[in-house]
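**Student:** Structure here, sequence nowhere to be found:
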């Protein structure tokens, strides 16, 4: 059931509060029945939750109301959606993160966010061969059925999006700015091509948020959080791509890295990742191999309630109690990436749902 | 105590028997008190050990006697030695192998075989950058105090020997032919330079054994068996270097591999090794890091029997019973490479000895 217009507006107002990140947002929603209830609660109740007085004061400010109104106006145009954590349509893998974005602005096809994605990241100042490699891998991976997710940045990101488009595949760009402040400007036509190709642009930031250095590393957790794995193509050891790769590993995602000559500085970040446990990748076969679970899982047959049909192993596990994907990996003995892939498929089939960071079997 | 001349001649005769490999040699020596006793035992006793009748028959043949006599004549020249498994001077790490060579012909400084060695192997048809890389690594590793052990082959082997010589370091060549049949002929001057630089040539094969395809893979087990680790520089996936690397891993040695571009066929073997668990190496620091144990172990202080001085942890473990290096690694919690390095140092100090594949604490 979709949210009421007033609750939607209340969520947007919470999101517009200055200094109000995903954890505070979640804390408030958990404490109150709704964002509307949170907004009308006494300031003392907010202070009791450890929220600064400034937040409670800003709730009714003209600025916050105006930002929510702008977002609602933006949403009236076609091909624009707002996905809310805990509501239908929010990508299930992303919902598992402790700091999952409370809301995501989407331009383009929001259904894309629920399809199996591979993230590709790398240096903004990549070499020509590095760019060619990124584009070729993206082309092949898109051809193999993956949505290619990246950050619309110059360098490897751009080559990854282009490669997916070459193959007639779909690609998703997670911005580190608001959707109305596309950055870098040089990639405006890439963004247009990406949308024309059935892709999507997404951002957790207010629509008019300009480029700010601190927002890019936070954006990276969304890129990896949406994906089954992250492929790093070319990166210096101090590169932001290495942050993305480390976040990905912490999130239980597979990390893949492409090696290069020891005399090529752009290969050093990838080599460091491989030394730290990332999978060395020479061809997409090495990635498909690692994610074989995703390919081998037959589309689950819908099981009518009360039927005695054979159940998907993960559904059997979820029958007992809601679980995190890590718990499911432990219980099933499957690699985490395979569990995540299977959950993605099961969710598309409406067999499971993710609520509050745990998975529930829909037809339990 | 050195072997008697007649026992030495008897060992050489056993070694000269057609179809008589390390395991049969060991079986006979374990069954009889000496090679002389084995040679004079009735043929039925040999058959009872599962040895073919042809071996027992060949014992007194002119050919076998002549080969032993030739070896004894060869040994009369300076700088030539014969090392016998189980006798002093035989390299301790090599003695641990199940199929350790029963004897080794050495030309040059045999003491070198007991020093900490790093093996370097790779393609015979390496690229120019690959050869340069091999030579640079060998130069730096020799400068760091390692003996560089390789196979005198064309390509990476030759570059490794040359690199060690560049640094004024010492280098050891394990041949896949007899020492009187140096192969490839093109490397005769490299072999001469290696000897002039205080290095050594070694072979387990009869002195006049010509190049035979089957002997080179068997030679590789000696290269890795002598060494703390094996560095693979450039190798195709079907390369003999990969066999050496796999043998090394089975022997508990560290395997290091240098990555390269995914478009360079010569890097594929190294990439395969890294995917199988070898350490990706960009600089010698990565090797020194992995072998830090070797550097951190302070030279053991001689402990007079009965003294209460603090004992080396491995000596304490060996006090209880003779152990293999794997058992010591388990008991000490040290990585195997560190145990092997420590044992090498302790053996040079006369504190431990390897007998029948197990280590004994000399001053227990």
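**Tutor:** Ah, there it is. Because the structure is a prediction, the values reported are computed rather than measured.

**Student:** so which strand or helix has residue A:231?
**Tutor:** strand A:229-232 (DSSP states H and E).

**Student:** try residue A:119
**Tutor:** Per DSSP H and E, residue A:119 falls inside strand A:117-121.

**Student:** hang on, the earlier thing: which helices and strands sit right next to the strand holding residue A:231?
**Tutor:** Here strand A:229-232 touches strand A:117-121, helix A:240-250, strand A:254-257, helix A:268-275, helix A:284-290, going by 3 or more CB pairs under 8 Å, 6 or more residues apart in numbering or on different chains; DSSP states H and E. For every residue, glycine as well, the C-beta is placed using N, CA and C.

**Student:** Alongside chain B, which residues does the stretch 201-350 of chain A contribute?
**Tutor:** By the rule CB under 8 Å from any CB of the partner chain, the part of the stretch 201-350 of chain A lying against chain B is A:258-264, A:267-268, A:271, A:274-275, A:279-280, A:282-283, A:286.

**Student:** Now the buried members of those.
**Tutor:** A:258-262, A:264, A:267-268, A:271, A:274-275, A:279-280, A:282, A:286 (16 or more other CB atoms under 10 Å in any protein chain shown).

**Student:** Looking at those, which is nearest residue B:320?
**Tutor:** residue A:275 (36.9 Å; CB to CB).

**Student:** from what I can see that closest one touches residue B:283, true?
**Tutor:** No - using CB atoms under 8 Å as the test, residue A:275 is too far from residue B:283 to be in contact (11.6 Å).

**Student:** Return the nearest residue of the stretch 101-250 of chain A with respect to chain B.
**Tutor:** Using CB to the nearest CB, residue A:133 is the residue of the stretch 101-250 of chain A that sits closest to chain B, at 7.1 Å.

**Student:** follow-up on the earlier one: residues touching whatever helix or strand comes next after the strand holding residue A:119, excluding its own?
**Tutor:** In the C-terminal direction, the helix or strand that comes right after strand A:117-121 (DSSP H and E) is helix A:128-143. Outside helix A:128-143, the residues that touch it by CB atoms under 8 Å, 6 or more residues apart in numbering or on different chains are A:118, A:120, A:122-123, A:126, A:148, A:155-156, A:159-164, A:166-171, A:231, A:233-234, A:258, A:260, A:266, A:284, A:287, B:261-263.

**Student:** Which members of the residues you listed are classed as buried?
**Tutor:** A:118, A:120, A:122-123, A:126, A:148, A:155-156, A:159-164, A:166-167, A:169-171, A:231, A:233-234, A:258, A:260, A:266, A:284, A:287, B:261-262.

**Student:** which residues in the stretch 1-150 of chain A form strands?
**Tutor:** A:80-84, A:103-108, A:117-121, A:147-150 (DSSP state E, counting those that start in this stretch).

**Student:** Number of residues surrounding the residue nearest to residue A:121 when sequence neighbours are not counted?
**Tutor:** In this structure, residue A:121 finds its nearest non-sequential neighbour in residue A:241, 4.3 Å apart by CB to CB, 6 or more residues apart in numbering or on different chains. Residues lying near residue A:241 (other CB atoms under 10 Å in any protein chain shown) number 31.

**Student:** what's the answer for the one 5 residues further on, then?
**Tutor:** In terms of burial, residue A:246 registers 17 neighbours under the definition other CB under 10 Å.

**Student:** State the distance from residue A:330 to chain B.
**Tutor:** Between residue A:330 and chain B the distance is 24 Å, computed by CB to the nearest CB, to the nearest Å.

**Student:** In terms of helices and strands, where is that residue?
**Tutor:** Assigned by DSSP H and E, residue A:330 falls in helix A:325-332.

**Student:** Contacts for the helix or strand that that helix is followed by, please.
**Tutor:** Note on helix A:325-332: by DSSP H and E, the next helix or strand toward the C-terminus is helix A:336-348. Applying CB under 8 Å, 6+ apart, the contact partners of helix A:336-348 are A:92-93, A:114-116, A:228-229, A:252-254, A:290-294, A:297, A:299-300, A:312, A:314-315, A:325-326, A:328-329, A:332, A:334, A:352-354, A:359.

**Student:** rerun at 7 Å
**Tutor:** A:92-93, A:114, A:116, A:228-229, A:252-254, A:290-291, A:293-294, A:297, A:299-300, A:312, A:314, A:325-326, A:328-329, A:332, A:352-353, A:359 (CB atoms under 7 Å, 6 or more residues apart in numbering or on different chains).

**Student:** just how off-centre is that helix within its chain?
**Tutor:** Distance of helix A:336-348 from the chain centroid (CA atoms, centre = their mean, to the nearest Å) equals 14 Å.

**Student:** if I pick the residue nearest to residue A:260 when sequence neighbours are not counted, what's in contact with it?
**Tutor:** The shortest distance from residue A:260 to any non-neighbouring residue, by CB to CB, 6+ apart, is to residue A:267 (3.0 Å). When contacts are counted by CB under 7 Å, 6+ apart, residue A:267 is found next to A:234, A:259-261.

**Student:** Tabulate those residues (TSV), appending secondary structure and distance to residue B:28.
**Tutor:** TSV is the format used below for the contacts of residue A:267 (DSSP: H, G, I helix; E, B strand; the rest coil; distance: CB to CB, whole Å):
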residue	secondary structure	distance to residue B:28
A:234	coil	59
A:259	coil	49
A:260	coil	53
A:261	coil	51
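
**Student:** Pipe those into JSON lines and attach pLDDT per row.
**Tutor:** Formatted as JSON lines, the contacts of residue A:267 follow (pLDDT from 0 to 100):
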{"residue": "A:234", "pLDDT": "95"}
{"residue": "A:259", "pLDDT": "98"}
{"residue": "A:260", "pLDDT": "97"}
{"residue": "A:261", "pLDDT": "96"}
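
**Student:** And the furthest pair within these?
**Tutor:** Among those, the pair separated by the greatest distance (CB to CB) is A:234 and A:261, at 11.5 Å.

**Student:** so where is the stretch 151-300 of chain A shaky, pLDDT-wise?
**Tutor:** A:292-300 (pLDDT under 70).
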